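Enquirer: this is a predicted model, with the sequence first.
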Amino acid sequence: MTSQLQSGQDFERSLDRSDTKVAEFETSYRSPLDGVQHVLHNNPTLVPVIVLGISLAVFGLIAGERFFSAFNLSLIMQQVSIIGILAAGQSLIIITAGIDLSVAAIMVLMSVIMGNLAVNMGVPSGIALLVGFAGGAAAGLMNGLLITKIKLPPFITTLGTWSIFFALNLWLSGAQSIRSQDIDANAPLLKFFGTAFSFGGARITLGSILMIVVFIVLWYMLNKTAWGRHVYAIGDDKEAADLAGIRTDRTLVSVYMLAGLVCAIAGWASIGRVGSISPQSFYEGNLQSITAVVIGGISLFGGRGSIMGALFGALIVGVFQSGLRLAGVDVLWQVFAIGWLIIIAVAIDQWIRRVSA
């Protein structure tokens with residue numbers, strides 16, 4: 001009996017030692033590289049911030065004082081303002097693990113509607129703008145309903161609506177632009193966001209300020225409201241969000257409607273930026289908005305990333321284009337460099353997700 005008790009005690013001690021060894025084995029060493037990966041996983045906006053800082057330093061050395069002049073920096077802000085606003089709307093959708101290839105088509109279509117109503121039909125500018133905003137939200141509603149009710153893939157759905165909106169745009173405009181002189185004479189409010197003022201050598205437009213305001217408002221909605229938490233939850237795992245009681249279809253429709261409204265706002269700002277209304281302007285805006293979002297560290301798989309990253313992504317593209325232009329690099333190679341930026345940004349996102357899983 002005593003020997004049995006002794007053997008039982010020895011067995012328990014051996015279990016305790018084995019538990020300790022298992023516990024020691026599970027406490028693995030984290031290398032500095034692992035630490036960096038976890039920091040980037042928890043703070044995805046750090047990547048575009050670092051890239052933006054390096055880009056500014058490099059092009060400052062290459063192009064010299066011209067690059068860091070107040071005028072050139074404010075010019076970069078002007079150049080990315082419209083794509084930046086589109087990227088803000090695109091970010092909302094990509095966070096839900098979707099994509100919208102129709103954002104630029106919605107923007108141009110709404111600018112054409114606003115212009116036709118205010119300039120060609122004599123409708124008061126304020127009413128024309130409201131109709132444009134409602135039209136943008138309706139276009140987003142159409143995308144959202146096709147995706148949630150008919151269960152069509154976002155890529156195919158928005159590719160189809162891009163063609164629809166572009167065709168409507170050419171039909172309503174007759175493939176003719178509305179001239180700057182006609183806008184000035186009949187509806188100057190449409191060019192409001194083209195208004196500029198000088199400050200310390202910089203030429204700042206109201207369109208640049210609008211872009212920053214749009215990002216701040218959407219950041220607050222995504223990070224400080226229940227709606228924003230639901231948006232991230234849907235992007236992370238839609239089925240789990242359903243089980244948690246989130247009305248996922250309604251939230252997705254609201255996301256597409258809000259993105260459409262943002263596109264309509266971009267349409268108003270684009271009139272001031274270009275000075276006229278062309279049915280074929282910003283033809284590549286869809287791809288450029290996705291570029292800004294991807295470079296900004298927002299995951300194409302949804303559920304991760306800060307909308308402010310898209311702002312930094314748009315600025316990175318603007319900095320690259322401006323720096324390479326001042327350095328005398330051909331436009332062809334500017335596009336080449338942006339292409340590599342996209343590939344590197346997606347590779348970094350994949351790397352962070354895989355190691356942190």
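Expert: That came in fine, so what should we check first?

Enquirer: I'd assumed A88 was in contact with I298.
Expert: No. The criterion here is Cβ atoms under 8 Å, and I298 misses it with A88 at 10.9 Å. C-beta here means a position set from N, CA and C on the backbone, and glycine is covered the same way.

Enquirer: list the residues that contact both of those two?
Expert: Common contacts of I298 and A88, defined by Cβ atoms under 8 Å, 6 or more residues apart in numbering, comprise I307, A310.

Enquirer: continuing past the helix or strand hosting V58, what's the next helix or strand?
Expert: For V58, the host element (DSSP states H and E) is helix 46-63. As assigned by DSSP H and E, the chain's next helix or strand after helix 46-63 is helix 70-95.

Enquirer: for that following helix, name the packing helices and strands.
Expert: In terms of contacts (3 or more Cβ pairs under 8 Å, 6 or more residues apart in numbering; DSSP states H and E), helix 70-95 is packed against helix 103-115, strand 202-205, helix 206-224, helix 226-236, helix 248-274, helix 285-295, helix 307-326.

Enquirer: what's the distance between the helix holding V58 and the middle of its chain?
Expert: Taking Cα atoms, centre = their mean, to the nearest Å, one finds the center of helix 46-63 at 20 Å from the center of the full chain.

Enquirer: what is the neighbour count of I348?
Expert: Using other Cβ atoms under 10 Å, I348 is surrounded by 18 other residues.

Enquirer: wait, I meant L252
Expert: By the measure other Cβ under 10 Å, the count of residues near L252 is 25.

Enquirer: quick one: residues contacting it.
Expert: Counting by Cβ under 8 Å, 6+ apart, L252 has contacts T96, G98, G144, I147, T148, I234.

Enquirer: where's the nearest residue to Q321 once chain neighbours are set aside relative to G136, distance?
Expert: In space, and not counting its chain neighbours, Q321 is closest to Q334: 5.5 Å by Cβ to Cβ, 6 or more residues apart in numbering. Counting by Cβ to Cβ, to the nearest Å, the gap from Q334 to G136 is 31 Å.

Enquirer: out of those two, which sits in the more crowded spot?
Expert: Taking neighbours as other Cβ under 10 Å, Q334 and G136 compare with G136 leading, 29 against 18.

Enquirer: just checking, that one touches I113?
Expert: No. The pair G136 / I113 is not scored as a contact, 9.2 Å apart, by Cβ under 8 Å.

Enquirer: for L168, find the nearest of the helices and strands packed on helix 70-95.
Expert: Ranking the helices and strands packed on helix 70-95 by proximity to L168 (Cβ to Cβ) places helix 103-115 first, at 5.9 Å.

Enquirer: extract the CA atoms of that closest one and return them as PDB.
Expert: Only the C-alpha atoms of helix 103-115 are listed here, as PDB (Å, rounded to 0.1, in the frame of the first residue of the first chain):
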ATOM      1  CA  VAL A 103     -17.000  55.600 -57.600                       C
ATOM      2  CA  ALA A 104     -15.600  57.800 -60.300                       C
ATOM      3  CA  ALA A 105     -18.500  57.200 -62.600                       C
ATOM      4  CA  ILE A 106     -20.900  58.200 -59.800                       C
ATOM      5  CA  MET A 107     -18.800  61.300 -59.200                       C
ATOM      6  CA  VAL A 108     -18.800  62.500 -62.800                       C
ATOM      7  CA  LEU A 109     -22.500  61.600 -63.400                       C
ATOM      8  CA  MET A 110     -23.500  63.700 -60.400                       C
ATOM      9  CA  SER A 111     -21.300  66.600 -61.500                       C
ATOM     10  CA  VAL A 112     -23.000  66.500 -65.000                       C
ATOM     11  CA  ILE A 113     -26.500  66.400 -63.300                       C
ATOM     12  CA  MET A 114     -25.600  69.400 -61.100                       C
ATOM     13  CA  GLY A 115     -24.300  71.300 -64.100                       C
END
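
Enquirer: looks like A196 contacts T205 (just checking).
Expert: Yes. Using Cβ under 8 Å, A196 is in contact with T205, at 4.5 Å.

Enquirer: the more surrounded of the two?
Expert: T205 (21 against 16).

Enquirer: now do the contacts for that one.
Expert: T205 neighbours (Cβ under 8 Å, 6+ apart): M77, Q78, S81, F193, G194, T195, A196, G272, R273.

Enquirer: tell me how far it lies from R304.
Expert: Taken as Cβ to Cβ, the span from T205 to R304 is 32 Å.

Enquirer: burial count for V346?
Expert: So V346, with other Cβ under 10 Å, has 14 neighbours.

Enquirer: quick one, what contacts it?
Expert: Counting by Cβ under 8 Å, 6+ apart, V346 has contacts V294, L300.

Enquirer: pretty sure I150 sits in a strand.
Expert: No. Membership of I150 in a strand is not supported by DSSP: H, G, I helix; E, B strand; the rest coil, which gives coil.

Enquirer: for it, give me the pLDDT.
Expert: On the pLDDT scale, I150 is placed at 94.

Enquirer: what is the neighbour count of it?
Expert: Neighbours of I150 using other Cβ under 10 Å come to 8.

Enquirer: quick one: contacts for it?
Expert: So I150 contacts nothing (Cβ under 8 Å, 6+ apart).
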